[in-house]
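Visitor: Show me the folded form of this:
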Amino acid sequence: MFTKQHIKKSTTIVFKFCIVSFLLIAFSCKLEEKNKNTEKHQYTNSLINESSPYLLQHAHNPVNWFPWDKKYLNQAKKENKLVLLSIGYSSCHWCHVMEKETFEDKEVAEFMNKNFINIKIDREEHPNVDKTYLTAVQIMTGNGGWPLNCVILPDGKPIWGGTYFNKENWLTSLKEIQRLYEENPGRAKGFANQLTEDLKSLQEFSNTNLNQEFSRDKLDNFITDWKTKLDSVNGGLIGNNQFPRASNYQFLLRYAHQKDDKKLENFIYKTLNKMANGGLNDHLAGGFARYTVDNKWHIPHFEKMLYDNAQLISLFSYAYQLTKNPQYKAVIYKTFDFIDQELYNNGLYFSSLNADSENENGELEEGAYYTWEKEELQQLITTDFNLFESYFGIDSVETIEGKHTLVKVYNDDVFSKNHQLSVEDLQLKINSWTSTLLNVRNKRIKPTTDQKILTAWNALLLQSFVDAYKVFGDNKLKVKAIECAETIKKKAISNTGEITRSVTTTDKNIKGYLEDYVLLAQSFISLYEISLDEKWLQEAKKITETTFTNFFNTENDFFNYTAKNSDQLISNNFEIEDIVIPSSNSVACKNLFKLGHYFGNNEYLKLSEKMLQKMLPKIEKYPHIYSNWLDSYLNLSYPFYETAISGKNALNRLKELHQNYIPNHLIIGSTENSDLPLLKGKYNTEKTLIYVCVNKACKLPTEDIHKAISMLKKN
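Guide: As a prediction, this is how the structure comes out:
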C-alpha cells in the first residue's frame, strides 16, 4: 500500500524521468535534424544555380541532381557508388514526361539518392558527353534518343542505358543494376571495359591507301546504293518517320544537278514539297518542327529547333535558285519571320521552342498550341469551310488524339485547278483563314523558349542568311548576316581566339567544341563571298589555326570533338557522321579545301584530301550518313573553279553571279588591290574583270558576267 510520501516520491522520480526523457528526445531530434541537414548539404539538387532551361526544369525534383562535372565522378569513386547520367534538352517532350512521371516521384528519388550519384546534363551544352553515351546506348540496345539515361562506373565507362522509362520500369531496372553491381562488380567492370573498347573501335580509320582516285564512277556507285533507301512515294528516306535531313538533300540536289540526273532532282523537289506542305511546316506562323512521327510528313513532333530551320532555309534557297518555285520563296521568308519573331535576341538567336504547352485544362500537352478540334475550326471558318477542310486535309489526314494539325494536301496551283479557282482568289482565302486562326492561336499559352544562345547553331543561321541573300539579293538579309557575324565575333570569341559554346552562360565558361569552331569558320568564309570584306576571310583562317592548336589529333589526322585542354571522356570522339547537322570533321575538311585555295596553302589542301581518303571505306558502306563528305568528293571528282572578280564594280558583278546555281566554285574578289594569292596582279583601275580558273590555270579574263557564268557551268 502506497503512502502519500511514496506517491510524492514516485511522482518526483517520474517527473525527473520525463524531464530527462524529454531532453534526450529533444537532443535526439536535434541530432537527427543536424544529420539530415548535413545529408541535405551533402546531397542536394544543385541545378538551381545553372543557367540551362533544361536543368532548371529539374531544379526542384526530389532527386539530388548535380550538373556535369568530373568532380562528381570523383565523389562517386570515394563513396563506391555508380553514376547515373540523365541527358535531355529543354524542348524534348518525352524528357518532360519522364520528369513528371518518374523524377518527381519520392520513392524513385529516395532510391536514386541513396544508391547513385545523379547527374543531369543538357545535351546542347555538353554535346561531347551526349554523343559518347548516346553511342554507348545504341551499342547496348540498338536504339537511342532523348531522354537518354546511362549508368556508368566512376571512371566514366558505361554499363547500362536506355531512353524513356516510366516509374515502375525505371525502379525495377535500377534495382537490378544496383544488385548486380553489388554482387558481382568484376562482371560489371568487365562489361564496361569491353563496351568502351567497342566505342573506341568506332573511331578508328582503317584506310591505308591514300592514293585512290576520286572517280565519278565510284561516286555513282555510292549514290546507286543510297537510292535504294529513298522513299519514292512519300519523299525522304524509307522508314516509319521523316526527318528533314537538310545536309542529305542539299548534297543530292548538287549531285543530281551536276550529273544531270533529272529523276533524282525531281525526287528532291518532291521531298521539299512534302516538307513545305506537310505538318512539319507551321502554315500559320512559319518554322519547321524537328520531325514527323509518320512517314508521310503529316504528324509533327512539334518542337522547333534553330539548327533545323537554319539549314532548311539554305536548302530551300538553293532549290529556288534552280526552279524559281514561288512556294519555296514563300517558305523561306515565312521561316525567317518565325525565327525573327520567336528566337531573336540582340543580334543572336535562341535555341528552340518547346514541343509542349499548356492546354485548356492547364496541363502540359504536346502540340496543344498548334492543334485544333474540328468543331472549333467549324466555328471559326464560317464561310467556305468545305474548301478549307479540303485544303488543309481536315477530311483526309489522320488526327493527333482527335485533334487536327494543318496539312496542305496539294500545291496551290493543283488545288486551284481542282476547285476551279484562280491562284489569286485562293491566296485571298488562304490569307483570311490564316489570319483568323492565327488570331485565335496567339491567345493560347505559347510553348516556352529555350533561351540558350549556341555559337554553332547561330553560325548555321548566319550561313542561311548568306545563302538566301545570294539567291534573292535582298539587302536586308545581308544586313542580318553582318549583324549576326559581328555579334558572334564580339560575344563568343575571346581575345586569344578561343570560342565559347554558349554566350548566355554567365556563371561558368563552357568551352567551344569542334563544331562551334568549324561552323563559324565556314559561315565567315561564306560571308566573305557576298561582302568581299577580307576581314571575314582572315577571321576564318584565325579560327582554323586555333582549331589545329586545340583539336588536331596527329595520330590519325582528324580533329577531336573536344579541345585538348578540356576534361577528356572515355574515348576521343571524332565526329564524322552527317546526320542532323554536318559532322564537324566533314566541315573542317571543306574549310581546309577552301582556305587552301584562298591562301595558296598546300598543307591545308593535302590534309583535306587525306581526311577524305581515310573516310572512303566508311562512305562506301553507308553513303547516306556521309553526305557532307560526299560534297567534298564532288569537289575533287568534277571541275572545281576559282572565280576572281577584281575592279570597282566587283560587288555588282558578284550580285549577278549569285543569281545562278553554281555549287562547284569559290568566289574571291576585291574593289581595290589585294595581296591575296588569287587576286595578285588582277586589279584594273578602268575595268572590272572576271577570271575563271581551274586546276591552277585561268581562262582569259572577261567583263561579260554571262560569259563567265557559261564557263562555270561546264562539267
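Visitor: I'd like to know how far Cys87 sits from Lys452.
Guide: No, residue 87 isn't Cys; it's Ile. The gap separating Ile87 from Lys452 is 15 Å, by Cβ to Cβ, to the nearest Å. All C-beta spots, glycine's among them, are computed from the backbone N, C-alpha and C.
Visitor: brain fart, Glu534
Guide: In this structure, Glu534 and Lys452 are 32 Å apart, going by Cβ to Cβ.
Visitor: and these two? which has more neighbours close in?
Guide: Using other Cβ atoms under 10 Å as the criterion, Glu534 and Lys452 rank with Lys452 on top: 25 against 17.
Visitor: Quick check: which helices or strands does the helix or strand containing Tyr691 pack against?
Guide: Per DSSP states H and E: Tyr691 is located in strand 689-694. Secondary-structure packing of strand 689-694 (3 or more Cβ pairs under 8 Å, 6 or more residues apart in numbering; DSSP states H and E): strand 641-646, helix 705-712.
Visitor: following the first one, which helix or strand comes up?
Guide: I take that to be strand 641-646. Taking DSSP H and E, what comes next after strand 641-646 is helix 650-657.
Visitor: circling back to that earlier point, tell me which of the helices and strands packed on strand 689-694 sits nearest to Tyr410.
Guide: Of all the helices and strands packed on strand 689-694, helix 705-712 sits nearest to Tyr410, with 35.2 Å by Cβ to Cβ.
Visitor: can you give me how far that closest one is from the chain middle?
Guide: Put simply, helix 705-712 sits 37 Å off its chain's centre (Cα atoms, centre = their mean, to the nearest Å).
Visitor: can you check stretch 395-409 too?
Guide: Distance, centroid of stretch 395-409 to centroid of chain: 27 Å (Cα atoms, centre = their mean).
Visitor: Equivalent analysis for stretch 269-276, please.
Guide: 21 Å.
Visitor: do stretch 319-336 as well
Guide: Worked out by Cα atoms, centre = their mean, stretch 319-336 lies 22 Å from the chain centre.
Visitor: which residues touch that stretch?
Guide: Under the criterion Cβ atoms under 8 Å, 6 or more residues apart in numbering, residues 253, 257, 265, 268-269, 272-273, 276, 281, 285-288, 309, 312-313, 316-317, 411-412, 468, 470-472, 477, 659-661 lie in contact with stretch 319-336.
Visitor: Now that stretch: buried residues?
Guide: 319-322, 325, 327-332, 334-336 (16 or more other Cβ atoms under 10 Å).
Visitor: count of residues packed around Leu171?
Guide: Leu171: 17 surrounding residues under other Cβ under 10 Å.
Visitor: For it, pull up the helix or strand it's in.
Guide: Element membership for Leu171 (DSSP H and E) is helix 167-183.
Visitor: Please name every helix or strand in contact with that helix.
Guide: Helix 167-183 packs on strand 82-88, helix 106-115, strand 158-162, helix 185-201, going by 3+ Cβ pairs under 8 Å, 6+ apart.
Visitor: okay if I get those as CSV plus distance to Lys229, mean neighbour count and mean pLDDT?
Guide: Conversion of the helices and strands packed on helix 167-183 to CSV gives the following (distance: least, Cβ to Cβ, whole Å; neighbours: other Cβ atoms under 10 Å; pLDDT from 0 to 100):
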stretch, distance to Lys229, mean neighbour count, mean pLDDT
strand 82-88, 28, 24, 95
helix 106-115, 40, 16, 96
strand 158-162, 27, 23, 92
helix 185-201, 25, 15, 86
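Visitor: Go through the ones you listed and name the closest to Lys614.
Guide: For those, proximity to Lys614 was assessed by Cβ to Cβ; helix 185-201 is nearest, at 15.3 Å.
Visitor: which SS class is Phe574?
Guide: Three-state assignment for Phe574 (DSSP: H, G, I helix; E, B strand; the rest coil): coil.
Visitor: Let me see the contact set for it.
Guide: Gln203, Asn553, Asn556, Phe558, Phe559, Asn560, Tyr561, Asn585.
Visitor: Taking those residues together, which two end up most distant?
Guide: Asn556 and Tyr561 (13.1 Å).
Visitor: Identify the residues contacting Ile394.
Guide: Ile394 touches Lys374, Leu377, Phe388, His404, counting by Cβ under 8 Å, 6+ apart.
Visitor: just the strands in the stretch 1-150 of the chain please.
Guide: Using DSSP state E, counting those that start in this stretch, the strands of the stretch 1-150 of the chain run over 65-66, 82-88, 116-122, 148-152.
Visitor: in the last one, what counts as buried?
Guide: The neighbour-count check on strand 148-152 (16+ other Cβ under 10 Å) flags Leu148, Asn149, Cys150, Val151, Ile152 as buried.
Visitor: and the third one, what does it touch?
Guide: If I follow you right, that is Cys150. Applying Cβ under 8 Å, 6+ apart, the residues near Cys150 are Leu84, Leu85, Ile87, Tyr133, Ala136, Val137, Pro158, Trp160, Gly161.
Visitor: Test for you: state the pLDDT assigned to the fourth one.
Guide: Listed pLDDT for Tyr133 reads 91.
Visitor: how deep is it tucked in, by neighbour count?
Guide: 25.
Visitor: For Ser314, see how far away the residue lying closest to Ile581 once chain neighbours are set aside is.
Guide: Sequence neighbours aside, Tyr307 is the residue nearest to Ile581 in space, at 5.8 Å (criterion: Cβ to Cβ, 6 or more residues apart in numbering). According to Cβ to Cβ, Tyr307 and Ser314 sit 11 Å apart.
Visitor: repeat for Cys95
Guide: Here the criterion is Cβ to Cβ. By it, Cys95 lies 28 Å from Ser314.
Visitor: what does Glu515 give?
Guide: 16 Å.
Visitor: again with Leu426
Guide: With distances taken as Cβ to Cβ, Leu426 is found 29 Å from Ser314.
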